[in-house]
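> Can you look at this prediction? I've put the sequence above it.
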Amino acid sequence: MPAWMTHYLTVAACLDAAPCPPVPDREMSDEVFQALVDGRLDEVEDQIEELPEWGQRPQPVSCLADDPLRAIALAGLCRTLPDSEAIAALTAVGAVTVLHCLPGEMTDKAASLLAALLAPGNGRPPVQIIVLRLPGDIKARDRPSAALEHAMAAISATTAPHVLLIEQGVPVPGEIAAMLPPPLQIGPVDGGLIAAALSLRGGDAAGLRKRLPGDAALRALSPAQLRFALRHRIRDRQIAELHRIARSSQSNCPTLDDIVGYGEAEEAARRLVSDLATWSAGHIAWGEMTRSVLFHGPPGTGKTWLARAIAASAGVPLIEGSLAAWQAAGHLGDMLGAMRATFAQAQAAAPAILMIDEIDSAGDRDGSDNHARSYRRQVINALLDLMDSAGRTPGVIIVAACNEVEALDPAIRRPGRIDRIVEVPPPGHAAIVHILARRLDGQLPGREIDRLARRAIGQSAAAIDGALREARSRARADSRALTAADIAKALGLAREEPAIIRRVAVHEAGHAIVATLLARGRVHEIRVGMSGGQVMVADRAPLLTRRDLVDQLTCLLAGRAAEELVLGNGSAGAGRGADSDLAKATEIALRLELVYGLSGHSLVRVPDPARMMMSDQGVRTRADRRLRAALRRARQLLAVEHLWLRDLTDRLCAERVLVFGEEGLDRHKPDPEARHEP
């Protein structure tokens, strides 16, 4: 039994048998007695109720064993202050102690327990206990800082001992943090604390702990979930409820072993898990590791799954929040309160992964949309404060996800708040094979899975997952086994057209070759399929100069140029959708003319170039001229490399997915690391 546990049992016994006020010299005062004699009961009713029964000592309202959250809070205090000497140190002249605690009910219970433990007596001086809480609404958003300044003024005016009990998430300015001693953490609420609380009804704490869920699952539970699980008086029911709620919180959580073929995103995820384990083992300082990552990409690519896999692989809680969930709490004050609560839960559960989904919903404070600008600014400012606070909390890793990284306020994505920004592409051939094999669990042979995976290139992980459920439902309805045709139909996979595959291959080969010729980055993977294709480029050069931007225009239009060169005409694929090649190229051409001041025509910055293009024929003409020049340049480059273009097209038609080594695409020699994924 750890030393703190012995201390805990002793303190719990003392609190349950707390000394009571002595029996008064007489049962009631003369005034009360005379009022009773005169029949004036209404005048002395309160005094009569307060009188103890003669010869009896009032008992505590409830013992600790009947209040599991209070018992857990006491266990947390005793683990933090593991003996009587540690508690006595809080009462020393001039002592200032900072304790961090879970928000809400746990803070209330810890405050009342501290008051009991530190009550004056046996020569102990009175200790001032100051509780700093998170604000409950937007009107009180400045209350923590004002309360903290007031507390510091009170502490500085006397040598009386003080305890600052601070709810997790309350921001402490750096100047004040430097004056205060390092905070002590009450918690996190894990198996050790819960087993200690349950042992008050009898039983060995070590044995009870073995029957509880793992620490990571328990740390992820909120005080409300703990209260609900421990509402039972029968211990077996309490333990069963803890397991049930922990399972529901962890349902559908993959590990990184379940995720394959996500390239840079997978590498970033594995590095986070490795660094967190190294830090937990004490081999590196918290400041040495990556503490935040932003995954971005199209909907359904698996960004949320990556966050869940990181937490499951690291064996730490996953605390999930999103702008949508926070906004659902109500008006601005409620929304900010929900946001603070999520961050506080992650800080209290550390080490933990804090997942912020849909972070681009916060928007940009300098965006052109004037609707709800003040609301958006307050939300972003609060989010920035919370991210800074979480970043200073050892063990809290922020994993954010969004669809459009450019829509995010620059202050959110700057280094320091977000250490690394990584694109999550649609799953490649290997990833789709892995998803299908894992979900089908031997229901289809490997050859059919491989064929399905090739046809499904371009589909998102979410789409594949949904299609598998639909396919199984269709097979059940017909009372037969699942077939590859069921899955293909659910995925909406039409019969493959060689002409379409070849056009897509020509298009993507054009992109890849021009990107390599202009050193726009290392081409590490090319994919083609009936739904389209993709060229993935790593280590892209920053777009800083006019030449960089012109080169990017050339790369974007190289797919269309390749189609015209090889097939005699282009297709609608280059301009289909807001994220198409032509849409991106038009945006860059407009920004060259109207935003960056690099056109040679004007230095005036226009905040909304798209609207200017619609209203100004001259702007449209200049942008069009720039795009046509980039198209001609791409065609000229590819004409020189027509043999390379033909060979790469043929390989893509045959293999559909090409993955390249560290050297990337090389026109002079076959890349020994280039491979067709099995």
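Cool, got the structure.
> after the longest helix seen in the chain, next one along is what?
Longest helix of the chain, by residue count under DSSP state H: helix 617-640. Using DSSP states H and E, the helix or strand that follows helix 617-640 in sequence is helix 642-655.
> same for that next one, what does it pack against?
Applying 3 or more Cβ pairs under 8 Å, 6 or more residues apart in numbering; DSSP states H and E, one finds that helix 642-655 contacts helix 498-517, strand 522-529, helix 558-567. All C-beta atoms are positioned from the backbone trio N, CA, C, and that covers glycine.
> before we move on, the earlier item: so which bits of the longest helix of the chain are buried?
Under the neighbour-count criterion of 16 or more other Cβ atoms under 10 Å, helix 617-640 has 619-620, 622-623, 626-627, 630-631, 633-635, 637-638 buried.
> do stretch 526-538 as well
Ile526, Arg527, Val528, Gly529, Met530, Ser531, Gly532, Gly533, Gln534, Val535, Met536, Val537.
> One more: stretch 399-418?
Per 16+ other Cβ under 10 Å, stretch 399-418 contains these buried residues: 399-403, 405, 408-409, 411-413, 417-418.
> quick one: average confidence on it?
Averaged over stretch 399-418, pLDDT sits at 85.
> Work out the gap between that stretch and the centre of the chain.
Counting by Cα atoms, centre = their mean, to the nearest Å, stretch 399-418 is centred 12 Å from the centre of its parent chain.
> contacts for that stretch?
Stretch 399-418 is contacted from outside by 272, 292-299, 303-304, 306-307, 310, 353-366, 380, 383-384, 387-388, 391, 398, 421, using Cβ atoms under 8 Å, 6 or more residues apart in numbering.
> any idea how far Asp450 is from Leu598?
48 Å (Cβ to Cβ, to the nearest Å).
> Now do the SS call for Glu448.
Following DSSP: H, G, I helix; E, B strand; the rest coil, we place Glu448 in the helix state.
> domain parsing for this structure?
Per the record, the chain has its domains at 3-50, 66-250, 256-423, 429-491, 498-676, by automatic domain parsing.
> Show me the two of the buried residues of stretch 526-538 that sit farthest apart.
For the buried residues of stretch 526-538, the maximum inter-member distance is 22.9 Å, found between Met530 and Val537 (Cβ to Cβ).
> which of the contacts of stretch 399-418 are buried?
The buried subset of the contacts of stretch 399-418 (16+ other Cβ under 10 Å) comprises 272, 292-297, 303-304, 306-307, 310, 353-365, 380, 383-384, 387, 391, 398, 421.
> so of those residues, which ones are in strands?
Residues of the buried ones among the contacts of stretch 399-418 located in strands (DSSP state E): Ser292, Val293, Leu294, Phe295, His296, Ile353, Leu354, Met355, Ile356, Asp357, Ile398, Ile421.
> Bridged to the fourth one, which residues?
Note on Phe295: beta-bridge partners by DSSP bridges are Ala401, Val422.
> give the contact list for it.
Ala265, Lys303, Leu306, Ala307, Val399, Ala400, Ala401, Cys402, Val422, Glu423, Val424.
> Tell me how many other residues crowd the nearest residue to the third one once chain neighbours are set aside.
Using Cβ to Cβ, 6 or more residues apart in numbering and skipping residues adjacent in sequence, the residue nearest Leu306 is Ala269, 5.3 Å away. Each residue near Ala269 was counted by other Cβ atoms under 10 Å, and the total is 24.
> Could you do Ala519 as well?
For Ala519, the neighbour count with other Cβ under 10 Å is 11.
> likewise Arg270?
Number of residues near Arg270 (other Cβ under 10 Å) recorded here: 16.
> swap in Pro182?
7.
> wait, doesn't it sit right on Val96?
No: contact criterion Cβ atoms under 8 Å: Pro182 and Val96 do not qualify, at 11.3 Å.
> which residues does the residue nearest the centre of the chain bridge with?
With distances taken as Cα atoms, centre = their mean, the chain has Met355 as the residue nearest its mean C-alpha position (1.1 Å). Per DSSP bridges, the residues bridged to Met355 are Glu320, Val399.
> What separation is there between it and Arg417?
Counting by Cβ to Cβ - Met355 and Arg417 are separated by 15 Å.
> so what's Leu383 up against?
Met339, Ala362, Ile412.
> Sitting in helices, which of those residues do you find?
Met339, Ile412.
> Go through the contacts of Leu383 and say which is closest to Pro126.
Nearest to Pro126, judged by Cβ to Cβ, of the contacts of Leu383 is Met339 at 37.3 Å.
> And the nearest residue to the closest one once chain neighbours are set aside, which helix or strand is it part of?
Spatial nearest neighbour of Met339, chain neighbours left out: Trp326 (4.7 Å); criterion: Cβ to Cβ, 6+ apart. Using DSSP H and E, Trp326 maps to helix 323-327.
> List the buried residues of that helix.
So helix 323-327, judged by 16+ other Cβ under 10 Å, has buried residues Leu323, Trp326, Gln327.
> next one: stretch 96-115
So, applying 16+ other Cβ under 10 Å, buried residues of stretch 96-115: 96-104, 106-111, 113-114.
> for stretch 498-507, same thing?
Buried, per 16+ other Cβ under 10 Å, within stretch 498-507: Ile500, Ile501, Arg502, Arg503, Val504, Ala505, Val506, His507.
> how close does the fifth one sit to Val523?
From Val504 across to Val523, the span is 16 Å (Cβ to Cβ).
> The last one too?
In this view, His507 and Val523 are 14 Å apart by Cβ to Cβ.
> Next: the fourth one.
When distances are taken as Cβ to Cβ, Arg503 and Val523 turn out to be 20 Å apart.
> Would you mind listing the residues in contact with the closest residue to Ala324 other than its chain neighbours?
Among residues not flanking Ala324 along the chain, Glu358 sits closest, at 5.8 Å (Cβ to Cβ, 6+ apart). Glu358 sits next to Ser322, Leu323, Ala324, Ala401, Cys402 when contact means Cβ under 8 Å, 6+ apart.
> show me where the stretch 101-250 of the chain has helices.
105-117, 143-156, 174-179, 191-198, 205-211, 215-219, 223-229, 235-250 (DSSP state H, counting those that start in this stretch).
> Minimum distance to Gly492: which of those helices has it?
helix 235-250 (32.3 Å).
> So which elements touch the closest one?
Helix 235-250 sits against helix 191-198, helix 205-211, helix 215-219, helix 223-229, with contacts defined as 3+ Cβ pairs under 8 Å, 6+ apart.
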